[in-house]
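K.L.:
sequence? don't have it. structure:
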């Protein structure tokens, strides 16, 4: 078995998820790296095989799991230097300024808000206790001192086109904590927003039937994803049978569970 990976390491979008405070995807990546090694899989990093090479490679089966690319909405000024994609931010390739607007309040939008509002701390455990009002002495009733304290790293606006409450797709057991965390950090969530343009002044929107300027340093786009399936389509055009899984198959909400399940089911068919 040969695994081709265009990036310097396996894991794909899990590396972005691992950057979010409180998410443990780094251990998931480590587990799969070790399993690939134990199973004797030939892993070719920084490798994008050509369609012709795959077609002539003598493979019995080909599985295309090329993932997704961020969707870029059609907004005047979307190519302005102030605009950053979520993958550029969560990967650390780009660092937003002090005032930031996030376009899209789905799961990735909320993740980006948590990531960007997280105060710097040399002691994450102590920071967590202070942020949630946990008494580290253990002397307070219930272990809480009742005075949560946290200074956010940035001023954030989390924006959603829909008029429904933001965060409805968050996990039932974690969504309340994420919303409470962002509220404590002063993140401003606006729903029913339409985007007019982006320019040097910032992000021009309409909210509550009135024009408004958000004078932000950067705009982070978290407006969904599109399947990256050109390799699959080119193989199909050559008459080469392949299996399409993960985000390359369905680019709705990013779902590691669905992608892993598809991979297992495809493998068990061989």
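P.N.:
Yep, that arrived. Since we're looking at a predicted model, the values are computed, not measured.
K.L.:
Next up, phi/psi of residue 18, please.
P.N.:
The phi and psi values for residue 18, taken as degrees, to the nearest 10, are phi -70, psi -20.
K.L.:
how far does the helix or strand bottoming out on mean pLDDT in the chain sit from the chain's center?
P.N.:
The helix or strand of the chain with the poorest confidence is helix 124-132; it has a mean of 85 (mean pLDDT, DSSP states H and E). Chain-centre distance of helix 124-132: 24 Å, with C-alpha atoms, centre = their mean, to the nearest Å.
K.L.:
Parallel or antiparallel, which strands does whichever helix or strand comes after it pair with?
P.N.:
On the C-terminal side of helix 124-132, the closest following helix or strand by DSSP states H and E is strand 155-159. As defined by DSSP bridges, the strand partners of strand 155-159 come to strand 99-103 (parallel), strand 188-190 (parallel).
K.L.:
which residues touch strand 155-159?
P.N.:
Residues from elsewhere that reach strand 155-159, judged by C-beta atoms under 8 Å, 6 or more residues apart in numbering: 98-105, 109-110, 113, 116-117, 166, 182, 185-190, 193, 195, 205, 214, 216. No exception for glycine: its C-beta is placed from N, CA and C like everyone else's.
K.L.:
Over to stretch 42-62?
P.N.:
For stretch 42-62, the external contacting residues (C-beta under 8 Å, 6+ apart) are 1-10, 36, 231, 234-235, 238, 240-243, 270.
K.L.:
if you set the cut-off to 6 Å instead, what comes out?
P.N.:
The contact list for stretch 42-62, computed with C-beta atoms under 6 Å, 6 or more residues apart in numbering, reads 2-6, 8, 36, 234-235, 238, 240, 242, 270.
K.L.:
mind checking how far residue 12 is from residue 245?
P.N.:
Distance, residue 12 to residue 245, by C-beta to C-beta, to the nearest Å: 12 Å.
K.L.:
Correction: the previous question concerned residue 128.
P.N.:
Counting by C-beta to C-beta, the gap from residue 128 to residue 245 is 36 Å.
K.L.:
Comparing the two, which residue is more hemmed in?
P.N.:
residue 245 (23 against 14; other C-beta atoms under 10 Å).
K.L.:
Need the pLDDT of that one.
P.N.:
With respect to pLDDT, residue 245 has a value of 94.
K.L.:
tally of neighbours for the nearest residue to it once chain neighbours are set aside?
P.N.:
The spatially closest residue to residue 245, leaving aside those adjacent along the chain, is residue 262, at 4.0 Å (C-beta to C-beta, 6 or more residues apart in numbering). Using other C-beta under 10 Å, residue 262 has 20 other residues around it.
K.L.:
part of a helix, is residue 262?
P.N.:
Yes. In this structure, residue 262 lies within a helix as judged by DSSP: H, G, I helix; E, B strand; the rest coil.
K.L.:
So it is in contact with residue 243, correct?
P.N.:
No. Assessed by C-beta atoms under 6 Å, residue 262 is found out of contact with residue 243, at 8.6 Å.
K.L.:
coming back round to it: turn the strands paired with strand 155-159 into CSV, columns for mean pLDDT, distance to residue 258 and mean neighbour count.
P.N.:
Output for the strands paired with strand 155-159, formatted as CSV (pLDDT from 0 to 100; distance: least, C-beta to C-beta, whole Å; neighbours: other C-beta atoms under 10 Å):
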stretch, mean pLDDT, distance to residue 258, mean neighbour count
strand 99-103, 98, 25, 25
strand 188-190, 97, 27, 17
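K.L.:
With distance to residue 66 added, can I get those strands in TSV?
P.N.:
Output for those, formatted as TSV (distance: least, C-beta to C-beta, whole Å):
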stretch	distance to residue 66
strand 99-103	25
strand 188-190	33
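K.L.:
Residue 257 is nearest to which of those?
P.N.:
Of all the strands paired with strand 155-159, strand 99-103 sits nearest to residue 257, with 24.6 Å by C-beta to C-beta.
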